[in-house]
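Student: Curious how this folds, go ahead:
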Amino acid sequence: MQIIRHRSYARAGLIGNPSDGYHGKTISLMVRQFFAEVVMYEWDELEIVLTHQSQIRFNSIRGLVRDVQLHGYYGGIRLIKATIKKFVDYCDRHGHDLNRPNFSVRFQSNIPRQVGMAGSSAIIVATLRCLMEFYDLEIPLQIQPSLVREVETDELGLPAGLQDRVIQIYEGLVYMDFSKATSLNLDGYECGRYERLDASLLPPLYLAYNDLVSEPTEIPHNSLRAQYDQGNVAVHQAMDRFAQITDAAREAIENGDAITLAHLIDENFDLRQSIVPIAARQMEMVQAARTAGASAKFAGSGGAIIGTCTNETTWIKLQRAMQAIGCQIIRPQVLPESGHADAGQSFVQPPLD
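Tutor: Have a look, this model is predicted:
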């Protein structure tokens, strides 16, 4: 039995977010410690296997409530179903033959939920990769992020920009330009300009998160979208400035200028705070990191922060500060371990027979 296995990793927005949905620019990176893994293999019927993250049994009534808070009412099964449906639509439109045996598909993810690390789109990307391999077809790379976004926007009615899907498709460290001047329509899909950057030029970074202070991504984004669509001047000016910050950050990375990058990261958060309300416990994370001597901004929609932390003394202070407020903290691994495209043992096991 041929077993197809693909991973898609968590991501962190280093600079420019949340401007990706507003014709802005961003730089994002992979966080390879966390990933969604999808396994697919030929089967008599088309089967989507439930995982513990799609559970229907709980230890208590409070356990059920906590599960809903973390995973919502639908879990990952709807993501798999919507991806398959969108993939079939694409193949039908392009005349690709899907006449081959059925498959069984299962997934697992260790990406922290509701902290802005793009766990949902990781499941979709990994599923899409399995489908492309199973049916032996390759969707153009630049189109894939837009197709993944449509799984969420068209099929599931979720707000979604392109940033998360671009970095999870391209991997590594990626500069993204979503401005109207550079955007293209490729085969009916809106695409930006995406450039891989040299991740080895990054200064030492940290990523801290706490899923107890998180909120669904649509909460801040829905409010921001409404203001943008209504022509709010401050919001439009902020989006222009996010793009400028991103270009300056790219230059700082390429020049090895960690000090300038740190200032830009802090400005990015301060600018966001001027247009989007920040929950008190999320603000506490940023303030604690800055007090320890690190730069800090949201890695996504809230619940996780990222910044520079370039010396050991600051790193020790930062670890203590984050632990004191209940946060986990890591040094994000952006590139694969040398000689290993997918480091780590698989945790999705197919059936024995």
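
Student: pretty sure residue 295 is touching residue 305, no?
Tutor: No - counting by CB atoms under 8 Å, residue 305 is not a contact partner of residue 295; they are 9.6 Å apart. The way it works is simple: take the backbone N, C-alpha and C, and place the C-beta from them, glycine included.

Student: okay, the two: which has more neighbours?
Tutor: Between residue 295 and residue 305, residue 305 has the larger neighbour count (other CB atoms under 10 Å), namely 31 against 27.

Student: Are we agreed that the more buried one is in a strand?
Tutor: Yes - judged by DSSP: H, G, I helix; E, B strand; the rest coil, residue 305 forms part of a strand.

Student: Does it touch residue 294 like I think?
Tutor: No - if you go by CB under 8 Å, residue 305 and residue 294 don't touch, sitting 9.1 Å apart.

Student: before we move on, the earlier item: quick one: common contacting residues for residue 295 and residue 305?
Tutor: With contacts defined as CB atoms under 8 Å, 6 or more residues apart in numbering, the residues shared by residue 295 and residue 305 are residue 289.

Student: name the helices or strands packed onto the strand ranked longest in the chain?
Tutor: The residue-count maximum for a strand in the chain (DSSP state E) belongs to strand 25-42. When contacts are defined as 3 or more CB pairs under 8 Å, 6 or more residues apart in numbering; DSSP states H and E, strand 25-42 sits against strand 3-15, strand 103-109, helix 119-134, helix 163-170, strand 173-177, helix 233-254.

Student: could I get those as TSV with mean pLDDT and mean neighbour count?
Tutor: What follows is the helices and strands packed on strand 25-42, written out as TSV (pLDDT from 0 to 100; neighbours: other CB atoms under 10 Å):
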stretch	mean pLDDT	mean neighbour count
strand 3-15	98	24
strand 103-109	95	21
helix 119-134	97	25
helix 163-170	97	27
strand 173-177	98	23
helix 233-254	97	18
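
Student: so which of these comes closest to residue 209?
Tutor: Closest approach to residue 209 among the helices and strands packed on strand 25-42 (CB to CB): strand 3-15, 9.5 Å.

Student: If you count contacts, what does the closest one end up packed against?
Tutor: Under the contact criterion of 3+ CB pairs under 8 Å, 6+ apart, strand 3-15 touches strand 25-42, helix 119-134, helix 163-170, helix 233-254, helix 258-275, strand 304-308.

Student: CA atoms only: put it into CSV for me.
Tutor: Output of strand 3-15 as CSV, limited to C-alpha atoms (Å, rounded to 0.1, in the frame of the first residue of the first chain):
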residue,chain,number,x,y,z
ILE,A,3,1.2,5.8,1.8
ILE,A,4,1.3,9.6,1.0
ARG,A,5,2.3,11.9,3.8
HIS,A,6,2.7,15.6,3.8
ARG,A,7,3.2,18.3,6.4
SER,A,8,2.5,22.0,6.5
TYR,A,9,4.1,24.1,9.3
ALA,A,10,2.9,26.9,11.6
ARG,A,11,3.8,30.4,10.6
ALA,A,12,4.6,33.7,12.3
GLY,A,13,4.1,37.1,10.7
LEU,A,14,7.5,38.8,11.3
ILE,A,15,6.5,42.2,9.9
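
Student: now the angle between helix 233-254 and that strand, please.
Tutor: With axes from the mean of the first three to the mean of the last three CA atoms, to 10 degrees defining the directions, strand 3-15 sits at 110 degrees from helix 233-254.

Student: Output the below-cut-off pLDDT ranges for the stretch 251-353 of the chain.
Tutor: For the stretch 251-353 of the chain, the stretches with pLDDT under 70 are 338-353.

Student: Please repeat the previous calculation with a cut-off of 80.
Tutor: Counting by pLDDT under 80, the ranges of the stretch 251-353 of the chain that qualify are 337-353.
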